[in-house]
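A.B. asks: coords below, sequence missing:
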């Protein structure tokens, strides 16, 4: 089966610009996650969707970050405006269902550099 | 308070020797525990998980992990390391009382020397 797809793979922007990342989860996976992984750190969960509803976005900086998952499939994460500290790899993951027991399948990530 | 800790930034081991990568956690309720591996230029991959039952769980590539509730630990082990095991390993935990809370550790770089 195809894995989690993410695009773009790399993005360089200047501070105060906007950027958007796209994720296509594994077919049939109901749960979708967005993570931020700063160099040298573990992934930090930003937002979790169950189908097209948000189940947790407590660590999403909502003044500049937004995410949506229309129709419960693809998802987009947006940053507007970007800051230098947003430089990181943004990971998307999906899992088969809403139960906590399921492991997550990760995409290759988008490496964002803010200059 | 840190929810999951990996006390070693790096672990060095000789090929053929046993390896241990340490993980301790601090969450409420009965935790769900996971190990993931990140090879260079590749995405995170699931290795194994503990949900309930036997404290010793076996996973991919010959890895296993032992859940110790009294010590709140979930150390990753392998009896005989391979050079190809060299990678970045992450422990992760889901809060047992709030399944929406999921935390990764900071990662441990495993170096296996020939």
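C.D. replies: Cool, the structure landed. From a predicted model like this one, the values you see are computed outputs, not experimental measurements.
A.B. asks: neighbours of residue B:96, just the number please.
C.D. replies: 14 (other Cβ atoms under 10 Å in any protein chain shown). To be clear about C-beta, it is placed using only N, CA and C from the backbone, and glycine gets the same treatment.
A.B. asks: look up phi and psi at residue B:85.
C.D. replies: With angles defined as degrees, to the nearest 10, residue B:85 sits at phi -80, psi -10.
A.B. asks: tell me, how many residues neighbour residue B:35?
C.D. replies: 27.
A.B. asks: and what of residue A:36?
C.D. replies: If you count neighbours by other Cβ under 10 Å, residue A:36 ends up with 22.
A.B. asks: how about residue A:70?
C.D. replies: 9.
A.B. asks: pull the helix or strand with minimum mean pLDDT from chain A.
C.D. replies: strand A:53-56 (a mean of 91; mean pLDDT, DSSP states H and E).
A.B. asks: any residue of it touching chain B?
C.D. replies: Yes: Strand A:53-56 reaches chain B (Cβ under 8 Å from any Cβ of the partner chain) through A:55, A:56.
A.B. asks: okay, and the beta partners of the residue nearest the centre of chain A?
C.D. replies: When Cα atoms, centre = their mean is applied to chain A, the residue found nearest the centroid is residue A:34 (2.8 Å). Applying DSSP bridges to residue A:34 gives these bridge partners: residue A:47, residue A:92.
A.B. asks: I'd say it and residue A:67 touch.
C.D. replies: Yes: between residue A:34 and residue A:67 there is a contact at 5.8 Å, judged by Cβ atoms under 8 Å.
A.B. asks: spell out which residues of chain B are next to chain A.
C.D. replies: B:32, B:34, B:36, B:42-46, B:49, B:51, B:90, B:92, B:94, B:99-107.
A.B. asks: just the residues you listed: which are in strands?
C.D. replies: B:32, B:34, B:36, B:44-46, B:49, B:90, B:92, B:94, B:102-104 (DSSP state E).
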